[in-house]
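Trainee: Here is a sequence with its predicted model. Questions after.
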Amino acid sequence: MAEEIKQRFFNHKKEEEKDVKVEVEVDVEVEVEVEVEVEEEVEVEVEAEEEVHDYAKERKHHKHLQQLTGLGAMAAGAYALHEKHKAKKDPENAHKHKVKEHIAAVVAVGVGGIAFHEGHEKKDAKKKSEGCPS
């Protein structure tokens, strides 16, 4: 009886080990200059190129995002007012229009917050560009 129980619970086969192939592509560019002298001293020079961050481009990017999100907030606000008007004009479907109005109002507030955030990002980029020796 005990052997039957053991066989019942431990009847599963152990999984065989499976080979897993992973392919990874790495794109690395490295520039190394090496100077070697035959004398006792060996000099090795490695030059790394520094990336120059374009703060003016970043400021312009945040300005465009701020303007776009401001337009989005105005559009959502206009749609909310439109739905409020429809709720008054169409009493049969007033609840549906009220729901759409509230959703549009929430979207307008959210997009307005994003516009506010982008304004701060634009200001930070302007401060960094003024402090950057270019």
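Mentor: Ah, there it is.

Trainee: can you give me the strands in this structure?
Mentor: For the chain, the strands identified by DSSP state E occupy 33-35, 43-45, in order along the chain.

Trainee: now the biggest helix by length in the chain: mean pLDDT?
Mentor: Looking only at the chain and at elements set by DSSP state H, the helix with the highest residue count is helix 94-131. Per-region confidence: helix 94-131 scores 92 on mean pLDDT.

Trainee: before we move on, what about stretch 64-84?
Mentor: Per-residue pLDDT values across stretch 64-84 average out to 94.

Trainee: Now residue 102. Nearest residue, chain neighbours left out?
Mentor: residue 80 (7.9 Å; CB to CB, 6 or more residues apart in numbering). To be clear about C-beta, it is placed using only N, CA and C from the backbone, and glycine gets the same treatment.

Trainee: Pull the contacting residues for the one you found.
Mentor: With contact taken as CB atoms under 8 Å, 6 or more residues apart in numbering, residue 80 is in contact with 101-102, 104-105, 108.

Trainee: so which of the residues you listed comes closest to residue 58?
Mentor: Among those, residue 108 lies closest to residue 58 (CB to CB), at 26.8 Å.

Trainee: any idea how far the closest residue to the closest one other than its chain neighbours is from residue 88?
Mentor: For residue 108, ignoring the flanking residues on the chain, the nearest one in space by CB to CB, 6+ apart is residue 76 at 3.7 Å. Separation of residue 76 from residue 88 (CB to CB, to the nearest Å): 19 Å.

Trainee: Which one's more surrounded, these two?
Mentor: Neighbour count, other CB atoms under 10 Å: between residue 76 and residue 88, residue 76 has more, with 20 against 9.

Trainee: Quick check: the more buried one vs residue 122, distance?
Mentor: Per CB to CB, residue 76 is found 22 Å from residue 122.
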